[in-house]
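[1] Provide a 3D model corresponding to the input given below.
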Amino acid sequence: MFTEKENQLIRQKGITHDQLNWQIGIFQKGVPFMKLDRAATINDGILKLSEDEISEFINIYENATDIDKIKFVPASGAASRMFKALYEYIESAEKVSSEMPEFIGTFFTNIRLFAFYDLLNEEAEKSGSSLENLLADNNYIEVLRLLLDEKGLNYGDSPKGLLDFHNYDDGPRKPFEEHLVEGMKYAISKGNKACLHFTVSPEHKRRFESLLGSLKEKVENRFGCSLQVDFSVQKASTDTMAVDLNNNPFRDEDGSLLFRPGGHGALIENLDELNVQIIFIKNIDNVVPEKYLDVTVKYKKALAGVLIDVQKHIYAMLEEIDEKPLSKERAGEMLEFIRKKLCYEPQDIPATDSESVNKEFLRFILNRPVRVCGMVKNEGEPGGGPYWAPNSSGDITLQVVESSQVDHANIEQEEIFRKATHFNPVDLVCSPVNYKGEKFDLKKYVDKNTCFISQKSKGGKELKALELPGLWNGAMADWITIFVEVPVETFNPVKTVNDLLRKYHQ
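    As a prediction, this is how the structure comes out:
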């Protein structure tokens, strides 16, 4: 199927032909819908903690001083979608003189509230004008070009982590800095050290490193502890091949194969390289000014305490399975814990009194990576939701499911989908190590059938693109999963530029 030149490119990327055959097979067969069993709700898959329980779990976390931890932040996404409405306005206004849309009116009415206002004014002054003069002359297109284009601030082609998000007395802060400060408040490890890991795009890595260099000493001195920050990029081996509408490899005008990034699910490979007991995961754009951080820190610690507590019980049971005889009654007690506390409903329980069979069965379920996921009450925000659904073994477990994974034409499935009371804010605390202190191979716990196919275009030609199972969706489908309700105040993403005008970003 491929020329020698193409095979060389495939080898350079580290992609195997088995991977390519699997990808083409997915395009040909299509991605199966998730079969929802029911929505996860309070007392049926979602824990609602009392204030006493929150305090208890925070104490468990704060007393676990011997545990290494790290904060993992996916930060490679470009900010272009954040400015989608601004680009559309530029295009429409250049074609016809049209009425200003409400979104654009809100942007310009409040432009002085954005943390990037002073920086934008400096760009205007470089061109011999000022932001106030441009606004007074209704020269809105020029203002937007200064903000978005390469000759200005180039925000349209910058990662979100490097944009000015929040105003402070001593100047604006970018999400990258906000994450450093936040990490200092709950991710301190042994040796009085805060560890953070950011996944970034290769073309912006140096900018992140430069910003870290300018901030590190200031943050360390302020909090009185050391800061260790690492960066990684999405691996070329996780790129996926695009196909045409007939499922044949898509080729550019010059005849070369087209590969595309595999989406955030590819980051399971980056996560797999972190050998620590506790990993906090949070998106780059879900940060708030420091004065609003208390509730975030409170629930981050509580989620980590839940994880440590449940993992203590899992470890004790696995050690018991390894070292002691297992009676039928004790096996039944463990199975009850698995169902009630781990929200794992096995569908094929061995009907035998064989101790070895029961031990193997229980070990198969218990010996997995663990994640505790915060879930926010659904108030209309987009995002995946918490459901009971089969994992790759067919057992009913807790899963984060996106709307695109559901067969909405199926009345029963649509009814289950609509019963979700909460949604996923990407607020996870994970543990990738087993009861012996060994790291799991996280790639073995991915449900490959949960990838995504989307239709795109390149050079005027239609194509189909494949995204790998999402990092907190199918990439963690076979993990032990606990859902815990967290307040909406902990979820403040910036999906559009005007989101920066919301209360918790001002």
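
[2] surely residue 467 and residue 456 touch.
    No - Residue 467 sits out of contact with residue 456 when judged by CB atoms under 8 Å, with a separation of 10.9 Å. (Glycine included, C-beta is placed from N, CA and C.)

[3] who's more crowded, those two?
    Taking other CB atoms under 10 Å, residue 467 and residue 456 do not tie; residue 467 has more neighbours (19 against 13).

[4] ok, the closest residue to the more buried one other than its chain neighbours - contacts?
    Ranked by CB to CB, 6 or more residues apart in numbering and with sequence neighbours excluded, the top spatial neighbour of residue 467 is residue 263, at 3.5 Å. For residue 263, the contact set (CB atoms under 8 Å, 6 or more residues apart in numbering) comprises 452, 467, 468, 470.

[5] now swap in residue 231 and tell me
    Taking CB under 8 Å, 6+ apart as the contact definition, residue 231 lies against 197, 198, 199, 200, 205, 208, 209.

[6] which residues does the third one contact?
    Read it as residue 199. Neighbour list for residue 199: 72, 73, 74, 75, 76, 231, 232, 233, 234, 267, 270 [criterion: CB under 8 Å, 6+ apart].

[7] just among the residues you listed, which is most surrounded?
    Within the contacts of residue 199, most neighbours by other CB under 10 Å means residue 76, with 27 neighbours.

[8] which helix is the longest one in this structure?
    Criterion DSSP state H: the longest helix present in the chain is helix 294-323.

[9] picking up where we left off before, helices - which of the contacts of residue 231 land there?
    In helices, judged by DSSP H, the following of the contacts of residue 231 are found: 205, 208, 209.

[10] state the number of residues packed around the closest residue to the second one other than its chain neighbours.
    Distances taken as CB to CB, 6+ apart put residue 200 closest to residue 208, at 5.2 Å, once the chain neighbours are dropped. Per other CB under 10 Å, the neighbour tally for residue 200 reads 25.

[11] how much space between residue 200 and residue 211?
    Residue 200 sits at a distance of 11 Å from residue 211 (criterion: CB to CB, to the nearest Å).

[12] again, but for residue 337
    On the measure of CB to CB, residue 337 and residue 211 end up 46 Å apart.

[13] next: residue 134.
    Look at residue 134 and residue 211: by CB to CB, they are 28 Å apart.

[14] more neighbours: which of the two?
    Under the neighbour definition other CB under 10 Å, residue 134 and residue 211 were set side by side, and residue 134 has more, 19 against 16.

[15] residues contacting the more buried one?
    Contact analysis of residue 134 by CB under 8 Å, 6+ apart lists 124, 140, 142, 143.

[16] repeat that for 7 Å
    By CB atoms under 7 Å, 6 or more residues apart in numbering, residue 134 lies in contact with 124, 142, 143.

[17] give me the neighbour count for the last one.
    If I follow you right, that is residue 143. Using other CB under 10 Å, residue 143 is surrounded by 22 other residues.

[18] same deal with the first one?
    Counted with other CB under 10 Å, residues neighbouring residue 124 total 20.

[19] with the one 3 residues further on instead?
    Counted with other CB under 10 Å, residues neighbouring residue 127 total 12.

[20] excluding its backbone neighbours, what's nearest it?
    The shortest distance from residue 127 to any non-neighbouring residue, by CB to CB, 6+ apart, is to residue 146 (7.6 Å).

[21] got it, and residue 195?
    Residue nearest to residue 195 in three dimensions, not counting chain neighbours: residue 70, with 4.2 Å by CB to CB, 6+ apart.

[22] now swap in residue 389 and tell me
    Excluding its sequence neighbours, the residue lying closest to residue 389 (CB to CB, 6+ apart) is residue 399, at 4.4 Å.

[23] next one: residue 484
    residue 47 (4.7 Å).

[24] ramachandran coordinates for the residue of the chain positioned farthest from its centre?
    Centroid-distance maximum for the chain: residue 353 at 42.8 Å, with CA atoms, centre = their mean. The phi and psi values for residue 353, taken as degrees, to the nearest 10, are phi -90, psi 0.

[25] surely it meets residue 327?
    No - at 9.7 Å, residue 353 and residue 327 do not qualify as touching, with contact defined as CB atoms under 7 Å.

[26] quick one: low-confidence parts of this protein?
    94-98, 380-383 (pLDDT under 70).

[27] residue ranges of each domain in it, please.
    The record's domain parsing of the chain by automatic domain parsing lists 24-67+200-213+230-505, 81-157.

[28] just these: most buried one?
    domain 24-67+200-213+230-505 (a mean of 17; mean count of other CB atoms under 10 Å).

[29] first-to-last residue distance for that one?
    Length of domain 24-67+200-213+230-505, first residue to last, CA to CA, to the nearest Å: 44 Å.

[30] chain center to that domain: distance?
    With CA atoms, centre = their mean, to the nearest Å as the basis, domain 24-67+200-213+230-505 stands 9 Å off its chain's centre.

[31] residue boundaries of the helices in the stretch 151-300 of the chain?
    Using DSSP state H, counting those that start in this stretch, the helices found in the stretch 151-300 of the chain span residues 175-186, 205-223, 268-271, 294-323.
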